[in-house]
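A.B. asks: Give me coordinates for this.
(chains A and B)
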Amino acid sequence: MHIGVLITHVRAEEKLLLTALRDQGVDLDVLPDRDLLFDLSAGPEQLSSAGRAWQDYDLVLERCVSTSRGLFTLAVLDSWGVRTLNSYRTAAICADKARCSLAFADAGLPQPRTLLSFEARTTLGAIESLGYPAVLKPVTGSWGRLLARVNDADAAEALIEHRQTLGSYNHHVYYSQEMVDKPGRDIRAFVIGERTVCAIYRTSPHWITNTARGGVASNCPVTPELDDLCQRAAAAVGGGLLAIDVLETGDGRLLLNEINHTMEFRNSSAPTGVDIPAEVAAFVLAQASVPV
Amino acid sequence: MSGTVCPECDAALEIPADVMENELIACLDCGSELEVIALDPVQLELAPEVEEDWGE
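C.D. replies: This next block holds a predicted model:
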């Protein structure tokens, strides 16, 4: 069995995953995205940077921290019929907050009210209709980067002007969302295949609770309600290896926030007691063994 | 463990025995994020800056 692992570099997560896969006796090729070169007019017989034909991989695990490099690579491999985790479809939906919201809506899943617009005038109207405070997010982004809590109309006008003036075209797409008055925490649930293997609370005095921004991880019980919501959310984006962010409302409802397709978990095995890299490695091996 | 120096501040660094190529490590003296670009012998470079599309 030959497994390729796409990386940008080796962070704590990739080191844990590579170790877990090697512990299972897997023949691994680590494939840095900086070395990738694809001839799009040819096919999967061409060689990876490890010297192996792409078509000879039983599975390629995408762990690029660079979203764009990961997505383009998955698009190529998908076109060539090379099996990947996650799939190109799943990654493309999860990498785009607007597409992810649409997938939730198509599946009838609960989420904060979310509006999409392209001009200053319509965006101001969108935020007004959501009420203050509202949340403005880039459609592509992670680690809580460039999230804005919009407290009033003055702030909304300033944010939009800055994005129009200073931002690339990506920032001229406005994803505005109802602010959920969460209880100082959100939930990050880890879905591997058809199992919600564990979940954490991410607690912070700041309204952004990402662990990358200082949120503290603690165990969150996987209740039947949380499990059901996460399974349906995972199915809505095509399934795979997913970290699902869930918000709790003041009246006890669960709302889907977003799904991450190259999940980080370095802070989550200890509080949950679940060996997440071992779970991922076992799933990778099982998927790689499925006849094509 | 093996030793090398930080390419940014020249401080001595202890490199774990299980270090991997392309692994990110931190210099405890200057706080720089470094990337292991070769293993035998260990060579370090400053890690690339975070880009806008980086994340999970």
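A.B. asks: I'd assumed A:Val139 was in contact with A:Val173.
C.D. replies: Yes. Contact status for A:Val173 versus A:Val139: in contact at 5.2 Å, counting by Cβ atoms under 8 Å. Heads up, the C-betas are built off the backbone N, CA and C, glycines and all.
A.B. asks: Please list the residues of chain B that sit near chain A.
C.D. replies: By the rule Cβ under 8 Å from any Cβ of the partner chain, the part of chain B lying against chain A is B:18, B:20-24, B:35-36, B:47-48, B:51-56.
A.B. asks: Show me the two of those that sit farthest apart.
C.D. replies: B:Asp18 and B:Glu52 (31.9 Å; Cβ to Cβ).
A.B. asks: Mind checking which of the two has more residues around it?
C.D. replies: B:Glu52 (18 against 8; other Cβ atoms under 10 Å in any protein chain shown).
A.B. asks: Contacts only, for that one.
C.D. replies: Taking Cβ atoms under 8 Å, 6 or more residues apart in numbering or on different chains, we find B:Glu52 in contact with A:Thr140, A:Gly141, A:Arg145.
A.B. asks: Contacts only, for the first one.
C.D. replies: It stands for A:Thr140. Per Cβ under 8 Å, 6+ apart, neighbours of A:Thr140: A:Thr67, A:Ala95, A:Asp96, A:Lys97, A:Asn170, B:Glu52, B:Asp53.
A.B. asks: so what pLDDT did the closest residue to A:Leu16 other than its chain neighbours get?
C.D. replies: Leaving aside its chain neighbours, A:Leu16 sits nearest to A:Pro277 (4.0 Å; criterion: Cβ to Cβ, 6 or more residues apart in numbering or on different chains). Here the pLDDT value assigned to A:Pro277 is 98.
A.B. asks: Check the secondary structure at A:Pro277 for me.
C.D. replies: Three-state call for A:Pro277 (DSSP: H, G, I helix; E, B strand; the rest coil): helix.
A.B. asks: which ones are touching it?
C.D. replies: Applying Cβ under 8 Å, 6+ apart to A:Pro277 gives the contacts A:Glu13, A:Leu16, A:Leu17, A:Thr19, A:Ala20, A:Phe265, A:Ser269.
A.B. asks: how far away is it from chain B?
C.D. replies: In this structure, A:Pro277 and chain B are 14 Å apart, going by Cβ to the nearest Cβ, to the nearest Å.
A.B. asks: about what we covered before: buried members of the residues of chain B next to chain A into ChimeraX, please.
C.D. replies: To isolate the buried ones among these in ChimeraX, judged by 16 or more other Cβ atoms under 10 Å in any protein chain shown, type:
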select /B:20,21,22,23,24,35,36,47,52,53,54,55,56
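A.B. asks: Pull up the residues of the stretch 51-200 of chain A that are close to chain B.
C.D. replies: So far as Cβ under 8 Å from any Cβ goes, the stretch 51-200 of chain A lies against chain B at A:Val65, A:Ser66, A:Thr67, A:Ser68, A:Thr140, A:Gly141, A:Ser142, A:Trp143, A:Arg145.
A.B. asks: 10 Å instead, please
C.D. replies: A:63-71, A:94-95, A:138, A:140-146, A:167-168, A:170-171 (Cβ under 10 Å from any Cβ of the partner chain).
A.B. asks: Next step: the residues of chain B next to chain A restricted to strands.
C.D. replies: B:Leu24, B:Glu35, B:Val36 (DSSP state E).
A.B. asks: buried ones in the helix or strand in which A:Leu285 is found?
C.D. replies: Using DSSP states H and E, A:Leu285 sits in helix A:276-289. For helix A:276-289, a neighbour-count test (16+ other Cβ under 10 Å) marks A:Ile276, A:Pro277, A:Ala278, A:Glu279, A:Val280, A:Ala281, A:Ala282, A:Phe283, A:Val284, A:Leu285, A:Gln287, A:Ala288 as buried.
A.B. asks: which one of those is nearest A:Arg89?
C.D. replies: Using Cβ to Cβ, the buried residues of helix A:276-289 come closest to A:Arg89 at A:Gln287, 15.1 Å.
A.B. asks: Can you name the residues that contact the closest one?
C.D. replies: A:Ile3, A:Asp58, A:Leu59, A:Leu61, A:Arg83, A:Thr84, A:Leu85, A:Gly193, A:Gly240, A:Leu241 (Cβ atoms under 10 Å, 6 or more residues apart in numbering or on different chains).
A.B. asks: Excluding residues flanking it in the chain, which one is nearest the third one?
C.D. replies: Spelled out, it's A:Leu59. A:Ala288 (3.8 Å).
A.B. asks: what's the distance between that neighbour and A:Met1?
C.D. replies: Here A:Ala288 is placed at a distance of 6 Å from A:Met1 (Cβ to Cβ, to the nearest Å).
A.B. asks: With A:Thr19 instead?
C.D. replies: A:Thr19 is 17 Å from A:Met1, by Cβ to Cβ.
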